[in-house]
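# what's the 3D shape of this:
(2 chains)
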Amino acid sequence: MESKLEDRITLLDGSRIIIESAVAAGAEVFTGYPITPANLLYAYAGKRFPVFLPAPDEITALQWLCGFSSVGKVGVTATSFPGFALMLETLNMAYLMELPMVIILAQRLGPSTGSATAGAQGDLLLLRGCISGGYPIPVFCPADFKDCQELTHQAVKAAIQMRTPVILLTSKEMIMTNRSFDLNEFEEKEKVSLKYFENGKPYKPYLADEDTMVPPFLPLGNNQHQVRINSSTHDVNGFIQKATKEALDNTKRLKVKIEEGMKEFNFYSLNEIDEARILLVSYDISSDAVLEAAKVLKTRNVLVSTLILKTILPVPENILSILEYYEKVFIVEENLSGLLREILFGIQSQSNIYGINKIGEMISPEDIIAEVSSN
Amino acid sequence: MVQELRTETKIPYCPGCGHTVATNNMVKALGKLNIAPNDIILVSDIGCCGLVDPLLSCHTIHGLHGRAAALAMGVTLGLNNKTKKVIAVQGDGGATIGLQNLLEVARQNVNMTLIVQNNMVYGMTGGQISGLSQEEFKETILPELSSIPPFDICLLAHVAGASFVRRIIGRGDYSEALAEAFAHKGFSLVEIVGMCIPYGIDDIRELTKISAQELTLENDKSVFSVTPENKSSLFKSIKYIEKKYKSNLKGKMSVLIAGSAGEGVQLAADLLTQAGVASGLYATKKGEYPITVGTGFSVSEVILSDKEILFTGIDKPDVVIVVSEDGLRKISKNIGEDSLVIADHTLQMPIHNKLFTSEFRKAAGKKGAVLSAVSYWLKMSDVIPIDALRNAVSKHKHAKDLMTLTE
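Below is the predicted model:
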């Protein structure tokens, strides 16, 4: 094979791409506590982030990040379920305070400490319910190296634009496996910056813009306007209020803010095959097996379309209409009970919805082919 | 100045509450230091003392129970501005919930003040004792709880490295003592022992009697701060792989390489992967080893293909290279009927019709056996030229020693 001059082929892992993309997008701070399989993210972050702070535990890590965010420095942390569990209360705080940040959740086999070095896709239902009250939190999920760049960029952008914590969901195999890759496939990305309140009027920290439902930001400590940030139920001035209409309206606004704001961030990859009546749906690392299985099935004259979700939560509305179109839908995910399946279809079994599930090792194309062929 | 910082909002505390005294003293102390409200960031915790926000006209951030010290530390480091004064306020409950946060900010000696308003009870939940309650103090609902000596939060913070700690028994005007703590450069912790009228000690003489004594302790320690640093792209340091060799491979080939920790398994796999890419192939590589990385097995999976690789798992590998007992134990179940197996001749291999053995360990030493076996395989196959491997080796810092293993 002839070498083209412009080739920039190398071996790299998803962790490197994610960290590079986060900083390129404008994230300035990384705080974290090392945890397998997120260790490479931590190591790269130390080499790349303008500010890198090793924390004594995950609660501290996320609290620090909130402090930075409240003064206008957008940050990133990376963890896995055990660390994420510790972060939950602070994540809720960041959500209600409306502080932008990205939390990379690298899934591994649970429950509990489980197997640190085994991959999994087991945290989706946790994310669906992680904000008390069931409020939606944006969850982006890369399915390949190009996504690692693009979706990390979009995660930072979404966090800043909507003033919210955003989850970048990934898993061991996506961020630790080395692959050959041509760096030319990456696009140059513009930095995203936090826009500050510029209106001459008095600043009310939680008075949202009527179109976006996002309150304009000002950092704590600025010289012009007093800023009040609050993680208890609060009014537009940032004062604690128990259950006044104003305070409850402010809390309700968070749901609309994310649902409306996320319409701009609807990412998925749909490969529709004419006449196919079967749809394979997946996300994250299992997408590789789905795409490979679809190729093999095609050689056997079994036509399947594939849908890879990259914005998983809140579930984009148009995804549901794609699903409805197919006679049989197979949802492929590395967990026991079908978490995405439950999010999309509920707990009532439907005769045309199939789960392809496995724990402890990756779902293989053969697993998928066998299931599709026998149903 | 004093009027400016204190808003007109009515004090929310019970008559006689220690928090009222503390708030008034805080306002007075900050007035003495002439700090403008927009230069003050108050970080408040959960509990009665956390109701302070609306009383002050400075910046305020009201967070979680126990986390004021950590949140304030993030604010301070993020601002990185000596003209701004960050003050965190928490109670005795918050101090024990977030003890790690408190010790960490003391250890790092970040330029901020933490006020621990210790009234020895959890006032918002019915007056339960805390880890900072003196032994003599009994709560009303569960007076039978045994008395255990409290944490001395001042001593803990001092030992952790705080450059200034002070305990104040909260009576009268102690604004001067507070002002000194606020003016301190570095981390200052002030424990204010105060009254809680409904649940705690409601008599100042009794409080004075049972409280630990007032004290001031200092450590000579540098102040921690962070200045953002521009670092170069993670793609900048990457070495590109030039495709200058040719492979005859059609389709996908999976290679499982197994040996012992510290014997170069991952390196050999990396070099093979690089050689594959240099031969125009797509490649993936992953490693597996025990959590205790310095002992037991080390296994690597390499996939080479003339087409883009999607699924990176390997069930039954096309090629197995195994050079130690640790490695064999780990991967013996993965050897398929059709796998080509290259093994060190000392290993007790199962009967297999495509088994090739050689004295890799004896000839190349335990650290050279893997690369030697990989070279052996490449020479007997036509997947990628051995020169592609040698080229990859030539770029390694130990090229000279490694190159002999490919001979």
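# Assign residue 149 to helix, strand or coil.
In the absence of a named chain, chain A is used. helix (DSSP: H, G, I helix; E, B strand; the rest coil).
# Touching, it and A:Gly14? I think so.
No: look at A:Gln149 against A:Gly14 with Cβ atoms under 8 Å: they stay out of range, at 9.6 Å. From N, CA and C alone the C-beta is placed, and that goes for glycine too.
# Tell me which of those two has more neighbours.
Remark: of A:Gln149 and A:Gly14, A:Gly14 carries more neighbours, 29 against 24, as counted by other Cβ atoms under 10 Å in any protein chain shown.
# Which residues are in contact with that one?
A:Pro142, A:Phe145, A:Cys148, A:Thr170, A:Met174, A:Ile175, A:Met176, A:Thr177 (Cβ atoms under 8 Å, 6 or more residues apart in numbering or on different chains).
# Which ones, among those, also lie beside chain B?
With Cβ under 8 Å from any Cβ of the partner chain as the criterion, the contacts of A:Gly14 include A:Met176, A:Thr177 near chain B.
# If we only consider the contacts of A:Gly14, which is nearest to B:Ala269?
Of all these, B:Ala269 sits closest to A:Thr177, with 12.0 Å by Cβ to Cβ.
# What confidence value was assigned to the closest one?
Looking at A:Thr177, its pLDDT reads 97.
# Just give the nearest non-adjacent residue to it, would you?
Leaving aside its chain neighbours, A:Thr177 sits nearest to B:Lys286 (4.5 Å; criterion: Cβ to Cβ, 6 or more residues apart in numbering or on different chains).
# I'd like to know which elements the host helix or strand of the one you found is packed against.
In this assignment (DSSP states H and E), B:Lys286 forms part of strand B:282-288. Contacts defined by 3 or more Cβ pairs under 8 Å, 6 or more residues apart in numbering or on different chains; DSSP states H and E place strand B:282-288 against strand A:178-182, helix B:265-278, strand B:297-305.
# distance from the centroid: which residue in chain B tops it?
Taking Cα atoms, centre = their mean, the residue of chain B most remote from its mean C-alpha position is B:Asn353, at 50.5 Å.
# Kindly provide the distance from that one to chain A.
Distance from B:Asn353 to chain A, counting by Cβ to the nearest Cβ, to the nearest Å: 24 Å.
# Tell me the secondary structure at that residue.
Three-state call for B:Asn353 (three-state DSSP): coil.
# how about the residue minimising distance to the centre of chain B, secondary structure?
Centroid-nearest residue in chain B, with Cα atoms, centre = their mean: B:Glu104, separated by 12.0 Å. Three-state call for B:Glu104 (three-state DSSP): helix.
# Verify the stated contact: it with B:Leu77.
No: taking contacts as Cβ under 8 Å, B:Glu104 lies outside contact range of B:Leu77: 11.8 Å.
# one step back: which residues sit in contact with the residue nearest to A:Thr177?
Per Cβ under 8 Å, 6+ apart, neighbours of B:Lys286: A:Glu173, A:Met176, A:Thr177, A:Asn178, B:Ser300, B:Glu301, B:Thr312.
# what about the strand holding B:Lys286, average pLDDT?
Strand B:282-288 comes out at a mean pLDDT of 96.
# quick revisit: how close does the residue nearest to A:Thr177 get to A:Pro37?
According to Cβ to Cβ, to the nearest Å, B:Lys286 stands 11 Å off from A:Pro37.
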